[in-house]
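K.L.:
Pasting a predicted model and its sequence here:
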Protein chains: 4
Amino acid sequence: MQFPLQVLVWNEGQHEKRNKTVQQIYPHGICAPLVESLRAQGYAHTQMVTLDDPDQGLSEATLAQTDVLVWWGHVAHDQVRDEFVDRVQRRVLEGMGLVVLHSGHHAKIFRRLMGTTCSLRWREDGLHERLWVVDPGHPIADGLPPYFEIPQDEMYGEHFDIPTPDAVVLISWFAGGEVFRSGCCFHRGRGKIFYFRPGHETFPVYYQKEVQQVIANGVRWAAPGKGPAFVYSGGETLHAAALEPYQAG
Amino acid sequence: MQFPLQVLVWNEGQHEKRNKTVQQIYPHGICAPLVESLRAQGYAHTQMVTLDDPDQGLSEATLAQTDVLVWWGHVAHDQVRDEFVDRVQRRVLEGMGLVVLHSGHHAKIFRRLMGTTCSLRWREDGLHERLWVVDPGHPIADGLPPYFEIPQDEMYGEHFDIPTPDAVVLISWFAGGEVFRSGCCFHRGRGKIFYFRPGHETFPVYYQKEVQQVIANGVRWAAPGKGPAFVYSGGETLHAAALEPYQAG
Amino acid sequence: MQFPLQVLVWNEGQHEKRNKTVQQIYPHGICAPLVESLRAQGYAHTQMVTLDDPDQGLSEATLAQTDVLVWWGHVAHDQVRDEFVDRVQRRVLEGMGLVVLHSGHHAKIFRRLMGTTCSLRWREDGLHERLWVVDPGHPIADGLPPYFEIPQDEMYGEHFDIPTPDAVVLISWFAGGEVFRSGCCFHRGRGKIFYFRPGHETFPVYYQKEVQQVIANGVRWAAPGKGPAFVYSGGETLHAAALEPYQAG
Amino acid sequence: MQFPLQVLVWNEGQHEKRNKTVQQIYPHGICAPLVESLRAQGYAHTQMVTLDDPDQGLSEATLAQTDVLVWWGHVAHDQVRDEFVDRVQRRVLEGMGLVVLHSGHHAKIFRRLMGTTCSLRWREDGLHERLWVVDPGHPIADGLPPYFEIPQDEMYGEHFDIPTPDAVVLISWFAGGEVFRSGCCFHRGRGKIFYFRPGHETFPVYYQKEVQQVIANGVRWAAPGKGPAFVYSGGETLHAAALEPYQAG
């Protein structure tokens, strides 16, 4: 089955230029296995861009035709230009889906949309993680076992400073003693946002089948709907003129 | 596009036997226009049953192959046998979708799944209702305008004694001064439940296009997922034996 | 500071009659340390009843003057009479608070109010549990550290088959590899319900300070409010007569 | 009863300087009746500041000792300095309560904390509004009737572009055909935020008893808790050093 969605994977692409471990694990970029997996799962129109691309990969034209944006960033959050963050935010509120991965929790765009610090506790210990499904009826749980494991990953621990999610699909257990809300759904405007925790750059997490399944499920769930677009009052700070009331049909 | 879902419409079917107004508006049953509309919208495998059918239309075999159950009841809630209510509840928790319409708010199965009285305030005034979309990114809002109107309907007003919904998609405005959470989503076990308010037996509400659209959207949203089935501890009241811990893959 | 709340602790009281370990740990009943702690924390009007009391401790008169009911049951869920379950449910929907502890997840009253099986996975391994605060602004987190530990307890693991809670305050980590939503809040009617996981009968969990703190916080949070009581439509299955519309003041 | 809370009412204070109608209705400022009412209801330590005060009334020292900030703004949202918005946001995430009134929906601080446009539809028609309680067990509903009316007010209509609230306590009905989620609760970090809709500058809404009651309830609900403060990882964009794991007690 093929889905006509246009998926854009924003892969920061900085670790790959400097770090040999990362280069060995992910020779074509951290998100390259995800691009491949999304295409294999039916999302044929999946493209990858990086921070080094023109307009940081986030031109008006590119975003205008993107249905779901997948975001991985880590060391260069600050370099993403504010005008592009504005642009992505606007597109999400208009209906574009957003899937934020791992260290993207501190990306400007995620923090902008959440309104909180999105901070968390972390430890690079390479111990194993076990992710439990806690909402088995949610579409993002499709095809998953009751839990799955990631043999080695960075730990992220609570408290995760996000707004109460609209749905929590996965909770992680870490060998070192922490828990984490690892699969979180949010509605913002007409857009849907899915945050998914796994994915450190020095572990081959994005080659793992269950991880790829969750991300594909997240893309499908976050796909734009066909709900109504609203005409809001014009002024941002002052209501400048009376809006016509809607007329009954 | 055709959806392979098996949809079962449970249409109480009592008003139709006694009330001439209802017979004139709905000569083939209150839910007949919905069955037709669901088939026209791609749900080819839609069947209708009534309280008067063998096993009240709710045999084990029928339910076993039902993906989404649509429920309309009003004057005969008490006649639905408790063992069938148990059966439907079990199927919902296993993953079958449930779409509850209008006066079904007081159906045994809805109250069972909600845990509250599901009572509300009402008035049969035949004034008009306006339904506003308040979650435009939700799949149940697909294809809807910012609001739509029902020229004549029974009024249902808050407080509606239900648990906090997982999502509220529609809120009604009534000419007589009331508001109502008219489109409410709930996850229960692996199943999804959608309550939709409109649909009185003495007004031709189920011939209206937007109403039919919402119900088709609800059926699609409530369709069973492919999330994991869990093995819970055995005993209902006493834990009889230690469960084997899951083994890491 | 003294709170005028009337707190009723329903302590099943069956393990205590048969099991020497339980008798040694809890010579005056499993919930006796909680009663003492609640009184010490200002809830002077705290009483304890058991299944063996007249009316199973749940007479109309007793419940009528109870503000918050704390419930601990395990081996005798089935013996609680259905009419008393009805009575407690009615009182909760009217506004009485309910704090359900540990194995009370399978109590008739909790399952009635949730509408699901409330099943879970469990293992009596006596390993340690770590409870993380995930909603630090919630009143039930008052006075707690970022996490606290219970040296030995029974394990309860996800999936916990409950409706999506209105708030999740605590998530547990278990040494054996599981996680659990251990502190969950629900609004039902005018009443508030708090489920709190710890408390096995063969470990001295209810002597622990943090556990006592959470339970006292839960009692405070679940205390009846002064919100409006609604007059709903009369009939349970048939709307018998038009209700007078509310008149504007 | 006296509450020791420090309440700061931020009253923009611009309409009052220019508009005779506003001056006549609110000779001491739009929020002056609220300050009086809060004091009368036990919040003795309530102070009012305006945009024209030093540091726009939002100095570090003032905010440091504020427990709950009540915010009314309309024509001068853009004049509030971004550094003060940062400051207020930080204080809310640390635990300070925030009650946002009416046209404050477009205040920088509210939009910052929500992550959405917070836009809505509106009409200055002076028709009446009816507010229905839809969560009668919520503390913000304390002392309210099933509904109350505001004889004349500006209309605000859905869709209100906010994140799904953690609780919706009030829904408004407007004579012109709109509905609105008028009493919305949000948890952000350790802080709690309450948005309350009524309050236009050209109608004497803030003299009305029920309105004053809701605002006092909101202040009480949003008061800082005593939950744990977390130590998050240090870096905002790059994790600079491993954090010590918490040690079990």
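P.N.:
Structure received.

K.L.:
Now do the lengthiest strand in chain A: which elements does it pack against?
P.N.:
For chain A, the longest strand by residue count, based on DSSP state E, is strand A:179-188. Helices and strands touching strand A:179-188, by 3 or more CB pairs under 8 Å, 6 or more residues apart in numbering or on different chains; DSSP states H and E, are helix A:108-114, strand A:155-157, strand A:167-174, strand A:191-196, helix A:209-222, strand C:167-174. For every residue, glycine as well, the C-beta is placed using N, CA and C.

K.L.:
relative to strand B:167-174, how tilted is that strand?
P.N.:
Between strand A:179-188 and strand B:167-174, the angle comes out at 40 degrees (axes from the mean of the first three to the mean of the last three CA atoms, to 10 degrees).

K.L.:
just the helices in chain A please.
P.N.:
Applying DSSP state H to chain A gives helices spanning A:15-18, A:20-25, A:32-40, A:60-64, A:82-94, A:108-114, A:209-222.

K.L.:
export those helices to TSV and tack on distance to D:D161 and mean neighbour count?
P.N.:
Output for the helices of chain A, formatted as TSV (distance: least, CB to CB, whole Å; neighbours: other CB atoms under 10 Å in any protein chain shown):
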stretch	distance to D:D161	mean neighbour count
helix A:15-18	36	15
helix A:20-25	39	13
helix A:32-40	30	19
helix A:60-64	19	14
helix A:82-94	7	18
helix A:108-114	12	23
helix A:209-222	18	22
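
K.L.:
looking at those helices, which is closest to chain D?
P.N.:
Chain D sits nearest to helix A:108-114 of all the helices of chain A, at 4.3 Å, using CB to the nearest CB.

K.L.:
among the helices and strands packed on strand A:179-188, where is the model least confident on average?
P.N.:
Among the helices and strands packed on strand A:179-188, strand A:155-157 has the lowest mean pLDDT, at a mean of 94.

K.L.:
Sheet partners, orientation included, of it?
P.N.:
Its sheet considered, strand A:155-157 pairs with strand A:121-123 (antiparallel) by DSSP bridges.

K.L.:
Was I right to think A:L101 contacts A:I215?
P.N.:
Yes - in this structure, A:L101 is within contact of A:I215 by CB atoms under 8 Å, at 7.4 Å.

K.L.:
Common neighbours of those two, please.
P.N.:
Common contacts of A:L101 and A:I215, defined by CB atoms under 8 Å, 6 or more residues apart in numbering or on different chains, comprise A:70, A:196.

K.L.:
burial measure for A:D52, as a count.
P.N.:
Using other CB atoms under 10 Å in any protein chain shown, A:D52 has 12 other residues around it.

K.L.:
For it, which residues are in contact?
P.N.:
A:D52 makes contacts with A:G13, as judged by CB under 8 Å, 6+ apart.

K.L.:
can you list the residues of chain A near chain C?
P.N.:
A:130, A:132-136, A:146, A:157-160, A:164, A:167-168, A:171-174, A:177-179, A:181 (CB under 8 Å from any CB of the partner chain).

K.L.:
What's the local residue count around A:D67?
P.N.:
19.

K.L.:
Confirm for me that it is in contact with A:T46.
P.N.:
No - judged on CB under 8 Å, A:D67 makes no contact with A:T46 at a distance of 10.5 Å.

K.L.:
joint contacts of these two?
P.N.:
Counting by CB under 8 Å, 6+ apart, the shared contacts of A:D67 and A:T46 are A:V7.

K.L.:
which secondary element of chain A has the worst mean pLDDT?
P.N.:
Within chain A, no helix or strand scores below strand A:121-123, which has a mean of 90 by mean pLDDT, DSSP states H and E.
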